[in-house]
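A.B. asks: could you work out the structure for the sequence below:
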Amino acid sequence: MKDLESVVDKLGKEKADLEKVRAAESLKHTEEMNRLRKSRKYEVTHERIRVMIAMIAKAEKRFHRISLREDQRDKYDDARYDTALKRAKEQIREGEEARKKAEEALRAAVRDKSDAIAREKALRKAFD
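C.D. replies: Numbering: from 1, shown residues only. Below you'll find the model as predicted:
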């Protein structure tokens with residue numbers, strides 16, 4: 001009986017020791033996971049900042065090129081753009097005139113039709 005009790009005590013101590021080891025390993029694992037998570041957050045944040053800096057630099061470079069191009073435009077470019085603008089305005093004006101002519105022709109056709117209907121009615125009355 002004493003052997004059995006000593007074996008049970010021994011197994012109980014081993015179990016307690018194993019639970020302590022398990023708790024310690026679990027704590028180490030949790031700490032390592034937190035460390036890795038923080039490290040990953042830092043890496044992601046750092047990468048986002050790097051990408052934003054690259055995008056800002058690219059945008060500044062492009063805007064600088066545009067501003068240089070605008071500064072270097074000469075009178076020929078201005079005249080060419082002005083000519084294109086005038087041409088566009090003329091086309092709009094011609095379109096408006098064509099629209100007005102079409103409206104006037106439509107009004108005349110409606111007047112002619114209503115006059116023809118009125119004449120036909122008068123002729124029918126005269127023959128009836």
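A.B. asks: tell me the domain ranges of this protein?
C.D. replies: Per automatic domain parsing, the domain ranges recorded for the chain read 1-72, 86-128.
A.B. asks: can you pull out the helices in the chain?
C.D. replies: 2-72, 75-127 (DSSP state H).
A.B. asks: returning to what we had before: in JSON lines, list the domains of the chain along with mean pLDDT, mean neighbour count and distance to residue 80.
C.D. replies: For the C-beta atoms, the positions are set from N, CA and C on the backbone; glycine is no exception. Converted to JSON lines, those look like this (pLDDT from 0 to 100; neighbours: other C-beta atoms under 10 Å; distance: least, C-beta to C-beta, whole Å):
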{"stretch": "domain 1-72", "mean pLDDT": "90", "mean neighbour count": "10", "distance to residue 80": "14"}
{"stretch": "domain 86-128", "mean pLDDT": "85", "mean neighbour count": "10", "distance to residue 80": "11"}
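A.B. asks: residue 79: which of the ones you listed is closest?
C.D. replies: Among the domains of the chain, domain 86-128 comes nearest to residue 79, with 10.3 Å by C-beta to C-beta.
A.B. asks: and the gap between the residue most central in space within the chain and residue 17?
C.D. replies: Central residue of the chain (C-alpha atoms, centre = their mean): residue 55, 16.0 Å from the mean position. Distance of residue 55 to residue 17, given as C-beta to C-beta, to the nearest Å: 57 Å.
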